[in-house]
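Colleague: Model the following, please.
(one chain, ligands or ions: 1)
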Amino acid sequence: MKPRPVIAGNWKMNMNPQEVREFFRSFRPDFPPGPNPELLLFPPFVSLAAALEARPWEPQVEVGVQNIFWEDSGAFTGEVSAPLARASGATHVLIGHSERRHVFGEENEDVVRKVGAALKAGLVPVVCVGETLAERRADRLREVILGQLDAFLPALSGDTDAAFLLAYEPVWAIGTGETATPEDASQAHGMLRSRLREKLGDARADATPILYGGSVKPDNAAELLRAPDVNGVLVGGASLDPASFLAIARAALPLT
Ligand code: PGA
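Modeller: Next comes the predicted model:
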C-alpha cells in the first residue's frame with residue numbers, strides 16, 4: 001500500500017521556544033475533513049517542549065529530534081539519548097543527515113548504531129542518504145546512496161515490523177537553492193525502493209515512505225510530490241516560515 005504523504009520540516013539550529021510558539025500561532029492548517037498528509041517537525045532539543053505544547057491538535061503534528069547518541073544513559077556530556085528524547089515526547093529522529101555526516105564527521109557505522117538505539121527506544125528513525133556533487137559527477141550516485149542504505153538495514157533485521165522513513169537528500173541541493181528535478185528524485189527513489197524490495201520484501205518496501213529533501217519550496221513542492229516513488233518532502237529553510245510550510249503541506253492534499 002502506498003504510504004500517506006509526509007511533510008517534514010527540519011528546523012536545524014534555529015527556532016528558540018518563543019519563536020516556536022509564534023510559528024504555531026500562524027501555522028494552523030485548515031485541511032478539509034478526510035485523509036491529510038502526515039506533518040512532522042524537527043525543532044532543536046531546547047524547543048522540543050515548546051513545540052509539543054504549541055502544536056495544533058487537529059491535524060496532528062508530530063515532533064521529532066534532529067539527532068541522538070546511541071548509548072541509553074551515562075557520562076556523555078552534551079549528548080541526548082533515544083530514551084531521553086522519547087520520554088520528552090519526541091516520536092521521530094533524523095539520523096544521518098548530510099550535515100551530521102559532513103560537518104560532524106558521522107559515518108555509516110554511527111548511523112547504524114543510532115538507528116538501532118532509536119528503534120529500541122520506540123522512536124521512528126528518518127534516515128537520510130544522499131550523494132555529493134563530486135560523487136554525482138563521478139557517476140557514483142547508485143553506489144553511494146545504496147551503500148548508505150545497506151549500511152543501516154542490518155539494524156532493522158531483527159525487527160520485522162520496525163517502521164522507518166528514508167529521506168533522499170542530494171548534498172548539492174541542500175540549502176543551495178539548487179533542486180533536483182522530479183526526474184532526478186524519482187530515479188534515486190526508484191533505486192532505493194528496489195533495494196528495499198530485495199532486502200525487506202515488497203509489502204514493507206511499498207509501505208516505507210521515501211522523502212525528497214533539498215531546497216523544497218512552495219513553488220516546486222507539488223511537482224516533486226507527484227514524482228513517482230516520492231512519498232513526501234523533508235524541508236529545511238522553507239519550513240521556518242509558517243506560510244511556506246503550510247503551502248508545501250497543501251501541495252500534498254491532492255495526493256492524500
Ligand atoms: P533545505 O534543507 O530545504 O534548506 O535545502 C533540507 C534539509 O537539510 O533537510
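Colleague: hang on, residue 79 is in a helix, isn't it?
Modeller: No: read with DSSP: H, G, I helix; E, B strand; the rest coil, residue 79 is coil and lies in no helix.
Colleague: Identify the residues contacting the residue nearest to it when sequence neighbours are not counted.
Modeller: Nearest residue to residue 79 in three dimensions, chain neighbours excluded: residue 69, at 3.7 Å (Cβ to Cβ, 6 or more residues apart in numbering). Bear in mind the C-beta positions are built from the backbone N, C-alpha and C, glycine included. Residue 69 makes contacts with 76, 79, 80, 81, 114, 117, as judged by Cβ atoms under 8 Å, 6 or more residues apart in numbering.
Colleague: which strand residues sit across from residue 69 in the sheet?
Modeller: Assessed by DSSP bridges, residue 69 has beta-bridge partners residue 81.
Colleague: next structured bit after the longest helix seen in the chain?
Modeller: Scanning the chain for the longest helix, with DSSP state H as the assignment, gives helix 182-200. Moving toward the C-terminus from helix 182-200, the next helix or strand (DSSP states H and E) is helix 202-207.
Colleague: Tell me which other helices or strands that next one touches.
Modeller: helix 182-200 (3 or more Cβ pairs under 8 Å, 6 or more residues apart in numbering; DSSP states H and E).
Colleague: For the helix it packs on, give the mean pLDDT please.
Modeller: Across helix 182-200, the average pLDDT comes to 96.
Colleague: contacts for it?
Modeller: Outside helix 182-200, the residues that touch it by Cβ under 8 Å, 6+ apart are 129, 141-142, 145-146, 149-150, 153, 156, 166, 168, 170, 180, 204-206, 208, 210, 212, 223-224, 226-230.
Colleague: sorry, back to before: with neighbour count as extra columns, can I get the contacts of residue 69 in TSV?
Modeller: What follows is those, written out as TSV (neighbours: other Cβ atoms under 10 Å):
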residue	neighbour count
76	12
79	14
80	18
81	18
114	26
117	23
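Colleague: who touches the one residue in the stretch 1-150 of the chain that gets nearest to the ligand in this structure?
Modeller: Scanning the stretch 1-150 of the chain for the residue nearest the ligand gives residue 10, at 4.2 Å (criterion: Cβ to the nearest ligand atom). Listed by Cβ under 8 Å, 6+ apart, the contact partners of residue 10 are 42, 66, 94, 97, 213, 234, 235, 236, 239.
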